[in-house]
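Visitor: when you get a sec, could you give me coordinates for this:
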Amino acid sequence: MNSVIWSDMEEIYDRGVNWGWLQNKTVLITGAYGMLASYLVYFLIYLNETNPEQHTQIIAVGRNHEKMYKCFGEYCSRYYFHETEMNICEEIKIDGAVDYIIHAASIASPQYYGTNPVGTILPNMLGTYYLLELARNKKSKGFLLFSTGDVYGKEAQNCSTITESDYGYIDLLNIRSCYSESKRMAEVMCKTWSVQHDVPAKIVRIFHTYGPTIDIKNDQRVFSEFVANIVNEQDIVLKSDGKSVRSFCYLADATDAFFRILKDGQSGEAYNMANNDCRVSISELADLLVDLFPKKGLKVKHELRKKDAVYLESPVKTIPVVSTEKLNQLGWKPLHDLSDGFERTIRRFLIN
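Guide: Model (predicted):
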C-alpha cells in the first residue's frame, strides 16, 4: 500500500469511530478497484493488518484480475481477501454471510456517457436490483448505494442550498441523462426494498471527490487531468471558460462519510456528501495546483474544447452550496482543505 494511502488509513481510523462493528463481519464491495471503492477496501485491509483479532472478510467484486492485483497487490492473497469476478447485472450467488454491501460499481466519467450509455445504465439499475435481492436474502445489516449529485437536475442550481429534498428538471432524451436517470431509479429501488422488504438500504449522493486513487491516464474529468498535468510537468490547459464552480472533497474525508452512513444512516434515506469549505471555480483550482509546485514552473493556459469531443460536459455550471446537515448529524466533518488534499494526491504519484 502506498505510503500516502497508508497514512490516510491511519488518519481515518483515528477519527473517533469505534470500528468494532466491522469485526468478524463480511463486507461485499462492488467496483472494488475503482477510485472511491478502493479506499473502502484499503481501509478494511488496514483494519485487518493492524488488528490480528479483526477478521473482517472482504469480498472484492471486479471484472479484471490484473486491475485488482495492480490495486491491492500482495493483500489479494490474504486470508480475509476474497476476489470475486461476477456480472452484477445477473443473479448473484454467494455462499455464507454477507453482513454489509456497498454498491460502488458504476461508470462515473462523462467521457463514457455518449459512447457507452447502456453500460452506464445497467450497473445502476440491474446491478442495484440483484444486490438488493442479495441483501434481502442474506438479511444483511447494511446496504449502501453510491449515488450522485447529478440526480438533482438542472433547476436545482437555482436553490441557495441543495438539500436532499430538492430536485430539478433532467432532459430524458439527452444522452448524458443515462447516468443521472439510472441513479435516480437506483435510489427509488433502495427506498422500495427498504419499505417492502426491510432491507437497510442507505444512499450517499456524492459530489466531486478526488484522491490518490485517481486514474490519471484514463479519467478525463478536469481535476484528474489537472493532476496528470502536474505529475507529468505539463502546463494545465483549460478547455472551458473555467467559471464552473464545484465543491471538492478529499477521498479520506469521503471514506469516513461512507462508513458512517453505512453504519448509522437511516434506512431508505439519502445523504449529501460534499465539502463546502473547498468550493472553487475550475479556473481557481487550476491556479491552485500550479501554485502548489512552483519549482515546476508550470502555467495555466486556455483552449476551448472541440464541439465533437467525446467528453460530455455537465449542463450545470455552478452547483449551489450543498447541505450536509444530515451527514453532519452522524458525526462527519471533513478535515482536508484543497491545498492539503491535492498535495497528498499528487505526492502519491511522485513517490511511486
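Visitor: buried set for the helix ranked longest in the chain?
Guide: In the chain, assigned by DSSP state H, the helix with the most residues is helix 177-197. Buried residues in helix 177-197, counted by 16 or more other C-beta atoms under 10 Å: 177-184, 186-187, 189-190, 193-194. To be clear about C-beta, it is placed using only N, CA and C from the backbone, and glycine gets the same treatment.
Visitor: which residue ranges of the stretch 51-200 of the chain form strands?
Guide: Listed in chain order, the strands of the stretch 51-200 of the chain (DSSP state E, counting those that start in this stretch) span 57-62, 81-85, 100-103, 142-148, 161-162.
Visitor: partner strands of the third one, with direction?
Guide: Spelled out, it's strand 100-103. strand 26-30 (parallel), strand 142-148 (parallel) (DSSP bridges).
Visitor: any chance of the ones you listed in JSON lines with distance to A135 as columns?
Guide: Shown next, in JSON lines, are the strands paired with strand 100-103 (distance: least, C-beta to C-beta, whole Å):
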{"stretch": "strand 26-30", "distance to A135": "9"}
{"stretch": "strand 142-148", "distance to A135": "5"}
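Visitor: export those strands to a markdown table and tack on mean neighbour count, distance to L44 and mean pLDDT?
Guide: Putting the strands paired with strand 100-103 into a markdown table (neighbours: other C-beta atoms under 10 Å; distance: least, C-beta to C-beta, whole Å; pLDDT from 0 to 100) gives the following:
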| stretch | mean neighbour count | distance to L44 | mean pLDDT |
| --- | --- | --- | --- |
| strand 26-30 | 24 | 6 | 98 |
| strand 142-148 | 24 | 14 | 97 |
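Visitor: residue ranges with poor pLDDT in this protein?
Guide: 155-157, 304-318, 352 (pLDDT under 70).
Visitor: residues touching C71, list them.
Guide: A32, Y33, S38, V41, T213 (C-beta atoms under 8 Å, 6 or more residues apart in numbering).
Visitor: what about the third one, neighbour count?
Guide: By the measure other C-beta atoms under 10 Å, the count of residues near S38 is 26.
Visitor: mind listing what V199 touches?
Guide: Applying C-beta under 8 Å, 6+ apart, the residues near V199 are L132, A135, R136, S140, F143, C190, W193, S267.
Visitor: leaving out chain neighbours, which residue sits closest to it?
Guide: W193 (4.1 Å; C-beta to C-beta, 6 or more residues apart in numbering).
Visitor: how close does that neighbour sit to P200?
Guide: Going from W193 to P200 by C-beta to C-beta, to the nearest Å gives 9 Å.
Visitor: find the residues that touch each one of those two.
Guide: If you check W193 and P200 against C-beta under 8 Å, 6+ apart, the residues they both contact are A135.
Visitor: hey, where'd the helices end up in the chain?
Guide: Going by DSSP H, the chain shows helices at 3-13, 37-50, 65-72, 117-122, 128-138, 177-197, 222-231, 251-264, 282-292, 325-328, 338-350.
Visitor: which elements pack onto the first one?
Guide: Taking 3 or more C-beta pairs under 8 Å, 6 or more residues apart in numbering; DSSP states H and E as contact, the helices and strands that helix 3-13 lies on are helix 37-50, helix 251-264, helix 338-350.
Visitor: only alpha carbons, please: show that helix as PDB.
Guide: Only the C-alpha atoms of helix 3-13 are listed here, as PDB (Å, rounded to 0.1, in the frame of the first residue of the first chain):
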ATOM      1  CA  SER A   3       2.700   5.400   2.000                       C
ATOM      2  CA  VAL A   4       0.300   8.300   1.300                       C
ATOM      3  CA  ILE A   5      -2.700   5.900   1.200                       C
ATOM      4  CA  TRP A   6      -1.500   4.100   4.400                       C
ATOM      5  CA  SER A   7      -1.200   7.500   6.200                       C
ATOM      6  CA  ASP A   8      -4.800   8.300   5.100                       C
ATOM      7  CA  MET A   9      -6.000   5.000   6.600                       C
ATOM      8  CA  GLU A  10      -4.300   5.800   9.900                       C
ATOM      9  CA  GLU A  11      -6.000   9.200   9.900                       C
ATOM     10  CA  ILE A  12      -9.400   7.800   9.100                       C
ATOM     11  CA  TYR A  13      -9.000   5.200  11.900                       C
END
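Visitor: which other residues reach that helix?
Guide: 1, 19, 39, 42-43, 46-47, 50, 211-213, 251-252, 255-256, 335, 344, 347-348, 351.
Visitor: redo that, cut-off 7 Å
Guide: W19, Y42, F43, Y46, P212, A252, T255, D256, R344, R347, R348, I351 (C-beta atoms under 7 Å, 6 or more residues apart in numbering).
Visitor: just the buried positions in that helix, please.
Guide: V4, I5, D8, M9, I12, Y13.
Visitor: repeat that for stretch 60-67.
Guide: A60, V61, G62.
Visitor: of the strands paired with strand 100-103, which is nearest E66?
Guide: Closest to E66 of those is strand 26-30 (C-beta to C-beta; 17.9 Å).
Visitor: quick one, that closest one and strand 57-62 angle?
Guide: Here strand 26-30 points in a direction 10 degrees away from that of strand 57-62 (axes from the mean of the first three to the mean of the last three C-alpha atoms, to 10 degrees).
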